[in-house]
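Student: give the three-dimensional model of this entry:
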Amino acid sequence: MSALPHDVWITGIGLVSSQGEGLDAHWDRLARVPAPRPVVDEERFAPYPVHPLATIDVAREIPKTSDQRQMEQWQRTGVYAAGLALADAGIAGNSELLNRTDVVTAAGNGERDLALDARVLEAIGAQPAPDVYLNRALATGLRPTLYLGQLSNLLAGNISLVHKATGSSRTFKGEEMAGVAAVENAVRRIAGGEGELFLVGGALNAEREDLLLGCELDGALHRGPFRSVWARGEGGGLVPGSIGVFLVLESEVHAALRGAKAYASLRSIASDRAARRAGSTDLGLMRLFDEIAGGLPPGPLAVLSGVSGVEPVTGQERAFLQGLEARGYHPAVRAHGTVLGHALEAHFIAGVALAALAVSRQAYFPPFDVSGVERPLEGAPRQILVTGLGHWRGEGLALVEAAD
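Tutor: Residues are numbered from 1 along each chain as shown. Down below sits the predicted model:
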């Protein structure tokens with residue numbers, strides 16, 4: 001998607017992660033020199049490190065305990081971040097605006113009842129009819145509210161119930177590409193005149209044995225002591241991070257009419273699904289770059305990379321960055337997975353949020369590691385390229401720039 005016919009402004013950001021809550025906390029921790037320090041728990045799920053969510057007072061954004069109880073942790077995190085974004089954009093409590101706020105979420109499956117799973121696994125081997133036993137155990141063991149809590153679209157539903165955002169609702173699934181698709185969907189609808197005000201985001205609870213099991217079965221987890229995404233060695237691996245992130249996206253005209261200020265403009269966004277054969281991913285990324293960055297002059301280029309640390313795709317992104325170098329761009333890359341962890345559905349959206357934050361503060365983050373891949377950038381970036389590569393499939397790029 002080339003430059004948009006209608007400017008899309010980012011007017012609100014809600015972000016919670018292992019680094020804290022809110023934009024000031026993240027800027028204070030991530031804009032430090034020397035390199036910011038990741039917050040990592042290497043013991044609870046050893047040998048797999050995770051980035052745990054910082055302590056938050058959920059009741060501030062979800063005041064009813066009955067609402068809190070019927071949500072799983074990933075939903076509470078997402079609903080909380082959505083509330084922060086709405087308040088940041090000056091929309092919270094404004095029924096006229098909330099009635100026109102369309103919600104777009106990127107969500108995975110719900111969380112497992114691990115105690116029930118353990119009981120079933122212990123007993124099923126001794127059953128004469130294992131399939132019959134399994135159906136009966138799940139039907140009688142799961143509370144209806146917990147079963148319903150597995151539904152991905154309940155994140156958007158709970159946001160509507162708690163925060164009264166009652167426009168249309170769409171949910172995207174598919175790991176990292178769900179986050180790319182959620183942002184792209186809202187941007188395209190604003191550009192096409194199909195809406196003016198969108199709440200877009202996702203959440204991940206990384207502190208779950210079922211999530212870790214799924215990633216490990218795919219061979220995607222990093223084992224052992226924590227290392228930056230660029231330094232995880234042969235085979236690589238991701239380190240999951242608990243994150244809730246939401247953006248308020250709106251047309252420039254709509255924002256100006258209500259007196260809202262922009263963190264940044266989302267100039268363009270594009271996505272694809274490369275075959276992931278040797279050379280195909282970096283060439284596909286270069287095609288996406290040509291699509292979204294037409295007219296961008298060569299020179300220093302800030303890049304917020306969503307690379308996971310999983311190989312071979314991490315090496316393929318490095319090849320893309322080297323290709324940019326060969327064309328006269330000088331990428332100053334920052335892999336936010338090093339300091340936030342990898343958040344799957346929410347990861348790309350977190351990259352867009354950090355890019356908008358940096359543009360609005362007229363400064364850039366120092367290198368997040370000391371591997372030599374990330375180099376300093378002089379001056380304040382007016383544009384930041386955000387990359388989002390799925391650890392298994394899917395690629396997306398977005399260009400965030402200063403809103404004039």
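
Student: just confirm residue 396 is within a strand.
Tutor: Yes: assigned with DSSP: H, G, I helix; E, B strand; the rest coil, residue 396 falls within a strand.

Student: grab the nearest non-local neighbour of it.
Tutor: Spatial nearest neighbour of residue 396, excluding adjacent residues (C-beta to C-beta, 6 or more residues apart in numbering): residue 180 at 3.4 Å. (C-beta placed from N, C-alpha, C; glycine too.)

Student: before we move on, what about residue 324?
Tutor: residue 331 (5.4 Å).

Student: which parts of the chain are strands?
Tutor: Using DSSP state E, the strands of the chain run over 8-17, 20-21, 102-106, 169-172, 197-204, 243-251, 264-272, 299-305, 329-335, 383-389, 395-401.

Student: looking at those, which is nearest to residue 132?
Tutor: Nearest to residue 132 among those is strand 169-172; the distance by C-beta to C-beta comes to 33.1 Å.

Student: tell me the strands beside that closest one, with direction?
Tutor: strand 102-106 (parallel) (DSSP bridges).

Student: list the contacts of the strand it pairs with.
Tutor: When contacts are defined by C-beta atoms under 8 Å, 6 or more residues apart in numbering, strand 102-106 is touched by residues 78, 152-153, 155-156, 159-160, 165, 167-173, 178-179, 181-183, 185-186, 189, 195, 197-202, 345-346, 349.

Student: and the strands of the chain as a markdown table, adding mean pLDDT, distance to residue 39 and mean neighbour count?
Tutor: As requested, the strands of the chain are arranged in a markdown table below (pLDDT from 0 to 100; distance: least, C-beta to C-beta, whole Å; neighbours: other C-beta atoms under 10 Å):
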| stretch | mean pLDDT | distance to residue 39 | mean neighbour count |
| --- | --- | --- | --- |
| strand 8-17 | 98 | 9 | 27 |
| strand 20-21 | 97 | 9 | 20 |
| strand 102-106 | 97 | 23 | 28 |
| strand 169-172 | 96 | 28 | 19 |
| strand 197-204 | 98 | 15 | 30 |
| strand 243-251 | 98 | 12 | 30 |
| strand 264-272 | 95 | 26 | 22 |
| strand 299-305 | 97 | 19 | 21 |
| strand 329-335 | 96 | 16 | 22 |
| strand 383-389 | 97 | 22 | 26 |
| strand 395-401 | 97 | 25 | 26 |
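
Student: can I get those in JSON lines with distance to residue 84?
Tutor: Shown next, in JSON lines, are the strands of the chain (distance: least, C-beta to C-beta, whole Å):
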{"stretch": "strand 8-17", "distance to residue 84": "3"}
{"stretch": "strand 20-21", "distance to residue 84": "8"}
{"stretch": "strand 102-106", "distance to residue 84": "15"}
{"stretch": "strand 169-172", "distance to residue 84": "19"}
{"stretch": "strand 197-204", "distance to residue 84": "10"}
{"stretch": "strand 243-251", "distance to residue 84": "7"}
{"stretch": "strand 264-272", "distance to residue 84": "17"}
{"stretch": "strand 299-305", "distance to residue 84": "20"}
{"stretch": "strand 329-335", "distance to residue 84": "23"}
{"stretch": "strand 383-389", "distance to residue 84": "20"}
{"stretch": "strand 395-401", "distance to residue 84": "19"}
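
Student: ok, which of the ones you listed comes nearest residue 320?
Tutor: In terms of C-beta to C-beta, the element of the strands of the chain nearest to residue 320 is strand 383-389, at 7.9 Å.

Student: helices and strands around that closest one, which ones?
Tutor: helix 176-191, helix 280-292, strand 299-305, helix 313-326, helix 347-361, strand 395-401 (3 or more C-beta pairs under 8 Å, 6 or more residues apart in numbering; DSSP states H and E).

Student: could you identify which of these has the lowest mean pLDDT?
Tutor: Note on the helices and strands packed on strand 383-389: helix 280-292 shows the lowest mean pLDDT, a mean of 91.

Student: what's the spacing between it and its chain's center?
Tutor: Distance of helix 280-292 from the chain centroid (C-alpha atoms, centre = their mean, to the nearest Å) equals 21 Å.

Student: which residues does the residue nearest to residue 16 when sequence neighbours are not counted bridge with?
Tutor: Excluding the flanking residues, the one nearest residue 16 by C-beta to C-beta, 6+ apart is residue 244, at 4.6 Å. Residues in a beta bridge with residue 244, per DSSP bridges, are residue 16, residue 203.

Student: now that residue 244 has come up, it's in contact with residue 85, right?
Tutor: No: proximity of residue 244 to residue 85 does not meet the contact threshold set by C-beta atoms under 8 Å, at 9.7 Å.

Student: give me the common contacts of these two.
Tutor: Common neighbours of residue 244 and residue 85 (C-beta under 8 Å, 6+ apart) are 14, 201.

Student: most remote residue from this structure's center?
Tutor: What lies farthest from the middle of the chain is residue 128; by C-alpha atoms, centre = their mean that is 45.0 Å.

Student: residues contacting it?
Tutor: Residue 128 touches nothing, counting by C-beta under 8 Å, 6+ apart.

Student: contacts for stretch 27-41 next, please.
Tutor: Under C-beta under 8 Å, 6+ apart, the answer for stretch 27-41 is 18-20, 49-52, 54, 207, 226, 239, 338-339, 341, 354, 357, 361, 363, 365-370.

Student: buried ones in it, by neighbour count?
Tutor: Of the residues in stretch 27-41, 27, 29-30, 35-36, 38-41 count as buried by neighbour count, 16 or more other C-beta atoms under 10 Å.

Student: stretch 52-61 too?
Tutor: 52-53, 56, 58, 61.

Student: would you pull up how far that stretch lies from the middle of the chain?
Tutor: 18 Å.

Student: list the buried residues of stretch 112-120.
Tutor: For stretch 112-120, a neighbour-count test (16+ other C-beta under 10 Å) marks 112-113, 116-117, 120 as buried.

Student: nearest to residue 312, of these?
Tutor: Nearest to residue 312 among the buried residues of stretch 112-120, with distances taken as C-beta to C-beta, is residue 112, at 30.1 Å.

Student: quick one: end-to-end distance for stretch 189-198.
Tutor: Start to finish, the residues bounding stretch 189-198 are 9 Å apart (C-alpha to C-alpha, to the nearest Å).

Student: ok, back up a step: next one: the residue nearest to residue 396 from residue 397, what distance?
Tutor: For residue 180, the distance to residue 397 (C-beta to C-beta, to the nearest Å) stands at 9 Å.
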